[in-house]
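Enquirer: let's see this in three dimensions:
(one chain, ligands or ions: 2)
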Amino acid sequence: MEPGGGVSMRYRRLGCSNIIVSELCLGVLTIGPLQKNLLLEEGAGVIAYALERGITFLDTAEAYKTYKYIKEALVMTGLKPVIASKSYAYTGRAMKISVEKALDEMGLSNLDIFLLHEQENEQTLRGHEEALRYLLKAREKGMIKAVGLSTHTIAGVRAGSRRREIEIIHPLINIQGLGIIDGTRDQMLAAIKEACQKGKGLYAMKAFGGGNLVRQAYEAFQFINHNPDIHSTAIGMKNRAEIDLNIAWSQGRRCVELEAEIGSQNKKLLIEDWCHGCGSCVEACHQEALSIIGEKVYIEEDKCILCGYCSQYCVDFCIKII
Ligand code: SF4
Ligand code: SF4
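Expert: Ligands and ions are numbered 1, 2, ... in the order given. Purely as a prediction, here's the structure:
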C-alpha cells in the first residue's frame with residue numbers, strides 16, 4: 001500500500017540508479033540547529049508526518065546536525081525512506097569518519113546516497129578524489145547504494161556529468177536562477193539536461209531561492225516540478241502546514257488559506273548585536289553575500305539564499321535564520 005494512506009504522490013527513479021524516490025524530497029536542514037532548531041521530538045514529528053503522507057526521500061548532510069531527528073522519525077514510523085547525506089571531507093580517512101557517523105547516528109546499516117558536499121568544478125572534484133575513492137569502496141561493500149555530489153554551480157554539474165562513478169547530482173536551480181554562482185538559469189538547465197541524458201539522477205535544491213521567491217512560490221515550485229530532467233525536488237519544510245502545502249502543489253492543487261499563512265512567514269538572516277567582525281563566516285559564504293564593514297558583518301540580502309551554512313562558522317552563535 002502506498003505510504004500516506006491513499007495520498008497520491010508520484011515516484012520516480014533517480015536516473016539509471018536503482019533508487020526510486022517521491023518527487024518531493026524533505027530537506028531536513030530547516031528543522032535542525034542551523035535553522036529552526038526544533039526540539040528533538042518536534043522535529044522528528046515533522047519528518048514522521050512527511051513520511052506518513054507519502055514523502056519517501058530525505059535530504060540531509062553531516063553539517064546540518066540533523067541525524068538525530070531522522071533516527072527518531074524512523075523509530076516513530078517504522079518506515080524506511082531513501083536518505084541522502086553529504087560531507088565536505090576531502091581525504092579518504094575523513095570521509096570514512098563521515099560515513100560511519102551518518103550510519104551510527106541515524107541507526108542505519110547502510111545509506112542510500114552519499115554526496116560530496118558543494119563541489120564547484122572539475123578541480124574541486126579532483127581535490128576530493130581520495131574521499132570519492134572511499135565512497136566508491138563503501139559502495140562496493142554495500143554501505144552506500146549511490147555516490148554523487150551537490151553543487152551551486154553549472155561547472156559542478158558538468159564535472160559530475162563527466163564522471164561515470166557519479167550517479168546522483170543535487171544542483172541548485174530555481175525559476176530566477178538565484179544563487180547559481182557561475183551563470184544563468186538557462187545555462188544550468190542545459191547542464192542538468194545533459195546530466196540527465198547521461199543517466200544521472202537529479203534532485204534539485206533551492207527551488208524557492210532560499211525563501212526569496214515567496215511571492216511567486218507556486219510558479220517557482222511548478223517550474224522545477226514540471227522539468228522532466230529533474231527527478232525530485234528537495235524542499236525545506238519545518239511544519240505540517242508546509243508539508244501539506246507542498247504535497248498539494250505537487251498534485252497541482254492550490255490551497256489559498258495555507259498559501260496566505262505560509263507566505264506571510266518570510267525568512268531572513270539575523271546577525272546578533274554581539275558580532276565582533278572576526279570574518280570567519282565571510283569565506284564560508286559561496287554566494288559572496290557577506291562582508292565586513294567596520295566591526296560587523298554585513299549581508300547583501302539579494303545575494304543570500306538563506307542556506308544557513310555560514311552560521312556554523314560563527315563560534316559566538318551570532319547568525320540565525322528567523
Ligand atoms: S549569507 Fe549565509 S545563509 Fe546567506 S547565502 Fe551566505 S552562507 Fe547562505
Ligand atoms: S563569525 Fe560571527 S562574530 Fe565573526 S563576523 Fe561572522 S557573525 Fe560576526
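Enquirer: how many neighbours does the closest residue to ligand 1 within the stretch 1-150 of the chain have?
Expert: Distances between the stretch 1-150 of the chain and ligand 1 by CB to the nearest ligand atom are smallest at residue 34, namely 8.9 Å. C-beta here means a position set from N, CA and C on the backbone, and glycine is covered the same way. Other residues within reach of residue 34, judged by other CB atoms under 10 Å, total 22.
Enquirer: residue 89 now?
Expert: Count around residue 89 with other CB under 10 Å applied: 21.
Enquirer: now swap in the one 5 residues further on and tell me
Expert: The local packing count at residue 94 equals 15, with neighbours defined by other CB under 10 Å.
Enquirer: what about it, which helix or strand?
Expert: Using DSSP states H and E, residue 94 sits within helix 92-106.
Enquirer: right, and the residue of the stretch 1-150 of the chain closest to ligand 1 touches residue 310 too?
Expert: No: here residue 34 does not reach residue 310: they are 9.1 Å apart, not a contact under CB atoms under 8 Å.
Enquirer: need the contact partners of the helix holding residue 94.
Expert: 62, 67-68, 70-71, 74, 83, 85, 87, 89, 108-111, 114, 130-131, 133-135, 138, 143-144 (CB atoms under 8 Å, 6 or more residues apart in numbering).
Enquirer: residue of the stretch 1-150 of the chain nearest ligand 2, please.
Expert: Nearest to ligand 2, among the residues of the stretch 1-150 of the chain, is residue 34, at 13.5 Å (CB to the nearest ligand atom).
Enquirer: and for that residue, nearest residue in space, chain neighbours not counted?
Expert: residue 308 (4.0 Å; CB to CB, 6 or more residues apart in numbering).
Enquirer: pretty sure the one you found is touching residue 29, no?
Expert: Yes: judged on CB under 8 Å, residue 308 makes contact with residue 29 at a distance of 6.5 Å.
Enquirer: common neighbours of these two, please.
Expert: Common neighbours of residue 308 and residue 29, counting by CB under 8 Å, 6+ apart, are residue 35.
Enquirer: can you give me the pLDDT of the residue of the stretch 151-300 of the chain found nearest ligand 1?
Expert: Residue nearest to ligand 1 within the stretch 151-300 of the chain: residue 285 (3.2 Å; CB to the nearest ligand atom). pLDDT for residue 285: 92.
Enquirer: read off the pLDDT value for the nearest residue to it once chain neighbours are set aside.
Expert: Leaving aside its sequence neighbours, residue 285 sits nearest to residue 310 (CB to CB, 6+ apart; 5.1 Å). Residue 310 carries a pLDDT value of 89.
Enquirer: right, and residue 310 touches residue 287 too?
Expert: No: assessed by CB under 8 Å, residue 310 is found out of contact with residue 287, at 9.4 Å.
Enquirer: the residue of the stretch 101-250 of the chain found nearest ligand 2: neighbouring residues, count only.
Expert: Residue of the stretch 101-250 of the chain nearest ligand 2, by CB to the nearest ligand atom: residue 210 (17.9 Å). Close neighbours of residue 210, defined as other CB under 10 Å, add up to 23.
Enquirer: surely it forms part of a helix?
Expert: Yes: per DSSP: H, G, I helix; E, B strand; the rest coil, residue 210 lies within a helix segment.
Enquirer: quick one, what contacts it?
Expert: Residue 210 makes contact with 178-179, 267, 304-307, according to CB under 8 Å, 6+ apart.
Enquirer: contacts for stretch 240-259, please.
Expert: Applying CB under 8 Å, 6+ apart, the contact partners of stretch 240-259 are 7-10, 23-24, 26, 46, 49-50, 53-55, 217-218, 221-222, 225, 235, 237, 261-262.
Enquirer: are any of those residues buried, and which?
Expert: 9, 23-24, 26, 46, 49-50, 53-55, 217-218, 221, 225, 235, 237, 262 (16 or more other CB atoms under 10 Å).
Enquirer: all strands for the stretch 1-150 of the chain, in order.
Expert: 11-13, 20-22, 24-27, 57-59, 82-87, 111-116, 144-151 (DSSP state E, counting those that start in this stretch).
Enquirer: turn those into CSV, including distance to ligand 2 and mean pLDDT.
Expert: Below are the strands of the stretch 1-150 of the chain laid out as CSV (distance: least, CB to the nearest ligand atom, whole Å; pLDDT from 0 to 100):
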stretch, distance to ligand 2, mean pLDDT
strand 11-13, 40, 97
strand 20-22, 36, 98
strand 24-27, 24, 98
strand 57-59, 26, 98
strand 82-87, 22, 98
strand 111-116, 25, 98
strand 144-151, 23, 98
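Enquirer: no further questions, thank you.
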